[in-house]
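> Sharing a model that was predicted from the sequence below.
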Amino acid sequence: MKDLIDRLVKERDLSDEEFERLILCEDKETTEYLASKAREVREDVYGKEVYLRGLIEFTNYCKNDCLYCGIRRSNKNAERYRLTEEQILSCCESGYKLGFRTFVLQGGEDAYFSDDVLVPLIKEIKEKYPECALTLSIGEREKESYQKLFDAGADRYLLRHETADKEHYESLHPAELSFDHRMKCLWDLKEIGYQVGCGMMIGSPNQTVKHLIKDLRFLQEFKPEMVGIGPFIPHHDTPFADCETGSVEITLKLLSIIRIMLPEVLLPATTALGTADGLGREKGILAGANVVMPNLSPTDVRDKYLLYDNKICTGDEAAECIRCMTLRVKKVGYEVVQKRGDHIRFS
Ligand code: SAH
């Protein structure tokens, strides 16, 4: 297996069969070797730096009905909220003081946040914090809309592809959502000039290793600036309530493989990884991740943005989250820095 990993490092690629063997390999020594190679690759590009993204979960209204997601529109038990423009700006203000240089506005697909509402908000954030990057994660929109938001000043966009297999995609989403439109959105975002993040859940219902290999092939083709991956975690009020949580070990192996395949990629150790395993984010960093996304949302809405059960950090103040994250990162030998943390091609 070591030869295989060395070849992955050299060629940044393997055959489907080889990827399958690596993903399924449970030998501790092999996975530690894979992680050590991923750390080398990451340190060559980004050193020991870990970038912070201040996550502002600004609305949990959503018109979509994704089968895995706790804020899907059919979940009548979800208590809906929407932050005001003032509240969002105040999150940015406290985040800025705490050292965040990237803000991520994430939410459900909420019709209230039309281009006419978002454009002035984006402009105001960028005017107040010109040295900060602004990331949007608000789902599928038309290209004209993405263009307007980009022109207003948004720098980056996160839209996970969820799975690169059309049939699998259709088993995770209602019929009105289409795999082809998801893909079109990603290519549109890239063409407009955003730093684009895609990604998938690990261990989502019906997922096989073949699907994960398709995901890797898609990443090779799309060349995203960021890749967000985390284990699937069931939410009790969704059709997938009784499904199993995705494997932390496989998530970690994929983080390492993705780091080696795309050396410059920005790779978060996600909240879902930290939820599935108390030390998940630390393990993620040791597997090649170089981004963490502490929560900046006001504490009174934290426990309402629940995509899955048992989400961590729903009770903590932003200041506490950043203190805790900084310590956790330090403990594993890395350093949280107050920088925008752009992809190397954009900095
Ligand atoms: N509405 C936005 C933001 C979605 S939430 C959008 O469509 O992009 C961000 C990500 O959380 C999703 O893309 C999905 O991959 C992940 N997610 C949703 N439900 C989840 C679950 N039950 N377990 C793990 N991750 C989940």
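Structure's in. What do you need? Computed from a predicted structure; not experimentally measured.

> Please enumerate the strands of this structure.
49-52, 54-59, 102-107, 133-137, 156-158, 195-198, 201-202, 226-227, 230-231, 291-292, 335-337 (DSSP state E).

> For the stretch 101-250 of the chain, which segments are assigned as helices?
115-128, 143-152, 166-172, 179-192, 209-222, 248-261 (DSSP state H, counting those that start in this stretch).

> Which of those has the highest mean neighbour count?
Sort the helices of the stretch 101-250 of the chain by mean neighbour count, taking mean count of other C-beta atoms under 10 Å, and helix 248-261 sits at the top with a mean of 24. In this view, the C-beta of every residue, glycine as well, is placed from N, C-alpha and C.

> From what I see, Ile250 and Cys25 are in contact.
No. Between Ile250 and Cys25 there is no contact under C-beta atoms under 8 Å: 10.1 Å.

> so who does Leu136 touch?
By C-beta atoms under 8 Å, 6 or more residues apart in numbering, the contact list for Leu136 reads Val104, Leu105, Gln106, Leu149, Ala154, Arg156, Tyr157, Leu158.

> What is the neighbour count of the fifth one?
Counted with other C-beta atoms under 10 Å, the burial measure for Ala154 works out to 24 neighbours.

> how near is it to the ligand?
Distance check for Ala154 against the ligand: by C-beta to the nearest ligand atom, to the nearest Å, it reads 14 Å.

> Over to the last one?
Here the distance between Leu158 and the ligand works out to 6 Å (C-beta to the nearest ligand atom).

> Number the residues from 887 up from this point.
Noted, 887 is the first residue going forward, which turns the last one into Leu1044.

> Run through the residues that contact that residue.
Contact partners of Leu1044, counting by C-beta under 8 Å, 6+ apart, are Val990, Gln992, Thr1021, Leu1022, Ser1023, Val1082, Gly1083, Gly1085, Met1112, Gly1114.

> That one bridge partners, please.
Counting by DSSP bridges, Leu1044 is bridged to Gly1083.

> from the contacts of Leu1044, which are also near the ligand?
Subset of the contacts of Leu1044 in contact with the ligand: Gln992, Ser1023, counting by C-beta under 6 Å from any ligand atom.
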